[in-house]
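Undergrad: Predicted structure and sequence below. I'll ask about it afterward.
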Amino acid sequence: MSALELSNRFAELYAKGDFETIYGELYSPDIVSIESGSDQKEYRGMAEIQGKNEWWESNFEVHGMEHMGPYPNGDEFCMIYKMDVTHKESGNRMAFEEVAHYTVANGKIAREKFFYTGKM
């Protein structure tokens with residue numbers, strides 16, 4: 001699958017909320033994920049991605065999500081996300097925007113890097 005085809009498939013699945021298929025079909029088992037923030041925390045492999053996702057789900061309630069994109073360029077593409085979430089422990093509700101930059105290799109997402117507004 002080309003990066004353009006993959007980015008369009010990603011956007012289609014994201015719009016449906018089908019994250020299981022996104023991770024199972026479109027991600028490389030050796031994915032590298034880099035979070036925004038001062039520490040630029042890296043997650044390597046699907047097991048670490050799953051752990052990150054479980055942390056997110058246990059700490060935040062999502063009230064709404066929107067996306068724009070994809071914005072493809074060669075073997076890369078970006079997506080823009082807008083989210084309305086509540087931090088479960090503190091009860092603080094916040095809206096934020098995030099840009100995700102994806103790199104495709106061998107027909108799979110091999111690297112993702114996130115940039116977002118505000119502090120999580």
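TA: That came in fine, so what should we check first? These numbers come from a predicted model, not from an experiment.
Undergrad: Every contact and neighbour count from this point should use C-alpha atoms.
TA: Noted.
Undergrad: Can you tell me the closest non-neighbouring residue to the residue most central in space within the chain?
TA: Computing the C-alpha centroid of the chain and ranking residues by C-alpha atoms, centre = their mean puts residue 100 first, at 6.2 Å. What sits nearest to residue 100 in space, not counting adjacent residues and going by C-alpha to C-alpha, 6 or more residues apart in numbering, is residue 114, at 4.6 Å.
Undergrad: Now do the one you found: how many residues are near it, please.
TA: Other residues lying near residue 114 total 18 when counted by other C-alpha atoms under 10 Å.
Undergrad: Residue 47: what secondary structure?
TA: With DSSP: H, G, I helix; E, B strand; the rest coil as the basis, the three-state label of residue 47 is helix.
Undergrad: returning to that earlier point: how far away is the residue nearest to residue 100 from residue 1?
TA: In this structure, residue 114 and residue 1 are separated by 23 Å, where distance is defined by C-alpha to C-alpha, to the nearest Å.
Undergrad: picking that back up, tell me the strands beside the helix or strand in which the residue nearest to the centre of the chain is found, with direction?
TA: Under the criterion DSSP states H and E, the helix or strand holding residue 100 is strand 93-105. Strand 93-105 has these partner strands in its sheet, going by DSSP bridges: strand 76-87 (antiparallel), strand 108-116 (antiparallel).
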